[in-house]
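[1] Please work out how this folds:
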Amino acid sequence: MGVNSTFRASVPQIFVDLDRTKAKTMGIPLDSIFGTLQAYLGSVYINDFQYNNRLHQVRAQADAKFRASMEEILKLEVRNQAGEMVPLSAVLSVQETLGPTAVRRYNLFPAASVNGAAAPGFSSGQALSVMETMAGSKLPPGFGFQWTGISFQEKLSSQGQGLILGLAVVFVFLVLAAQYESWSSPAAVLVIVPLSAVGVVLALNFLSADNNVYTQIGLVLLIGLASKNAILIVEFASELRSKGKSIHEAALDASALRFRAILMTSLSGVLGFLPLAVATGAGAASRRAVGNVVIGGMLAATVFSLLFVGAFFVMLRSLSEKGLKLKVANTKTEKVHGESEMLADD
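    You can find the predicted model right below:
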């Protein structure tokens, strides 16, 4: 929306084509030619003088009537190395043309700036993607584009989004693995994280919100908050299993006994972030973005943790115990084979 550019290639200009080889052959220094053009058509600084306690500059410039047309340029004369005056028409030609008012450069390349904003209902990330697609399909060969300013910072920050979320999940998993001294229990807890993301997607679509930096911060925060509900079930189920109950009974009892605790912690979290979701005033957009993500994710995590965490605990704990039994059986088999070999040697 509002895409515009200050670049204009249709500004009337006068192009002066200097034959450098001919100028050197005639003994005319190039500095003299450029200095003459600057002094007559532009201006050249002479000195300063003081008048009525004020300092004034002295600049030399041709009178307006002597620089009003292209023909006047060709009438200018310059002195060669022999001291003779040579008309500029002998070494240069003048023609009318069109071009930009000023040539900007970016990383030493000629460049034109293009500015715009996202249309209502679309995020800045979507607008950047559309601009990249249009530039890739419309620009001729040899042309490229790069982002600057806020757009560059946004593209740079979005590249680490997946890495940050991945590291957050890994750190939570390692902390839980150290706490439970098991690999299966933390996995059962972290299964709730992608399920809680469903609530985030639904909340953003329902509110027509965009995915910005504050939304991503809310996602990192949601990883720990969503895991908290699953921890209540997994920890209690692990204790019941260690007391001798079957895996299925431990999961069912833990889900039933921790139902009230999960609802209380989830509701307290949702109510705690509710002021962010309805914030107004300066900076309200960032607070609403975080609040929408956390509230939507927490509601989904509450429902899905009660429905699926127990099932994932049963599945992962059963696989873990079967693997442990298989390992013990293999160890015993190797021990028996080792004793048989010793008896055979005797």
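
[2] So the nearest residue to Glu132 once chain neighbours are set aside: helix, strand or coil?
    Spatial nearest neighbour of Glu132, excluding adjacent residues (Cβ to Cβ, 6 or more residues apart in numbering): Phe145 at 7.6 Å. In this view, the C-beta of every residue, glycine as well, is placed from N, C-alpha and C. For Phe145, the secondary-structure state derived from DSSP: H, G, I helix; E, B strand; the rest coil is coil.

[3] Phi, psi for Phe145 please.
    According to degrees, to the nearest 10, the main-chain angles of Phe145 amount to phi -150, psi 150.

[4] cool, and the one 3 residues further on?
    For Thr148, the backbone dihedrals (degrees, to the nearest 10) come out as phi -130, psi 170.

[5] Isn't it up against Tyr106?
    Yes - shown here, Thr148 and Tyr106 form a contact pair, counting by Cβ atoms under 8 Å, at 7.4 Å.

[6] ok so, going back, what's the spacing between the residue nearest to Glu132 and Leu267?
    49 Å (Cβ to Cβ, to the nearest Å).

[7] Which parts of this structure are strands?
    Chain-ordered strands for the chain, with DSSP state E as the definition, fall at 4-5, 11-18, 44-51, 54-60, 77-79, 85-87, 92-99, 104-106, 109-111, 114-115.

[8] Run a quick neighbour tally on Lys75.
    Lys75 has 12 neighbouring residues, counting by other Cβ atoms under 10 Å.

[9] my guess is it meets Pro87, correct?
    Yes - distance between Lys75 and Pro87: 6.8 Å, which falls inside the contact criterion (Cβ under 8 Å).

[10] Find residues that contact each of these two.
    When contacts are counted by Cβ atoms under 8 Å, 6 or more residues apart in numbering, Lys75 and Pro87 have no shared neighbour.

[11] I'd say Asn212 and Asn292 touch.
    No - the pair Asn212 and Asn292 fails to qualify as a contact (Cβ under 8 Å) at a distance of 11.0 Å.

[12] So which of the two has more stuff around it?
    It is Asn292, of Asn212 and Asn292, that has more neighbours when counted by other Cβ under 10 Å, with 22 against 17.

[13] Would you check that that one makes contact with Leu274?
    No - distance between Asn292 and Leu274: 10.6 Å, which falls outside the contact criterion (Cβ under 8 Å).

[14] Show me whatever sits in contact with both of the two.
    With contacts defined as Cβ under 8 Å, 6+ apart, no residue is shared by Asn292 and Leu274.

[15] who's in contact with the residue nearest to Glu132?
    Neighbour list for Phe145: Glu132, Ala135, Leu139 [criterion: Cβ under 8 Å, 6+ apart].

[16] Just the pLDDT at it, thanks.
    If you check Phe145, the pLDDT there is 87.

[17] And it, how close does it get to Phe236?
    When Phe145 is compared with Phe236 (using Cβ to Cβ), they lie 56 Å apart.

[18] Please apply the same query to Ala279.
    Per Cβ to Cβ, Ala279 is found 36 Å from Phe236.

[19] Just the mean pLDDT for stretch 239-247, thanks.
    Rounded to a whole number, the mean pLDDT of stretch 239-247 is 83.

[20] residues of it that come out buried?
    Applying a neighbour-count criterion of 16 or more other Cβ atoms under 10 Å, the buried positions in stretch 239-247 are Leu240, Arg241, Lys245, Ile247.

[21] With stretch 296-307 instead?
    If you call a residue buried by 16+ other Cβ under 10 Å, then stretch 296-307 has these buried ones: Gly296, Gly297, Met298, Leu299, Ala300, Ala301, Thr302, Val303, Phe304, Ser305, Leu306.

[22] Stretch 195-211 now?
    Along stretch 195-211, these residues count as buried under the neighbour rule (16+ other Cβ under 10 Å): Leu195, Ser196, Ala197, Gly199, Val200, Ala203, Leu204, Ala209, Asp210, Asn211.

[23] ok, those vs Ser69, which is closest?
    When those are compared for distance to Ser69 (Cβ to Cβ), Asp210 wins out at 56.8 Å.

[24] Once you drop chain neighbours, what's closest to that closest one?
    Nearest residue to Asp210, sequence neighbours excluded (Cβ to Cβ, 6+ apart): Ser123, at 3.2 Å.

[25] likewise Ala112?
    With Cβ to Cβ, 6+ apart as the measure, Phe7 is the residue that lies nearest to Ala112, at 3.5 Å, once sequence neighbours are left out.

[26] for the one you found, phi and psi?
    Note on Phe7: its backbone torsions stand at phi -80, psi 130 [degrees, to the nearest 10].

[27] Now for Ala9: which residues touch it?
    The contact partners of Ala9, by Cβ under 8 Å, 6+ apart, come to Leu98, Gly99, Pro100.

[28] How about the contacts made by the first one?
    Neighbour list for Leu98: Ala9, Ser10, Val11, Pro12, Gln13 [criterion: Cβ under 8 Å, 6+ apart].
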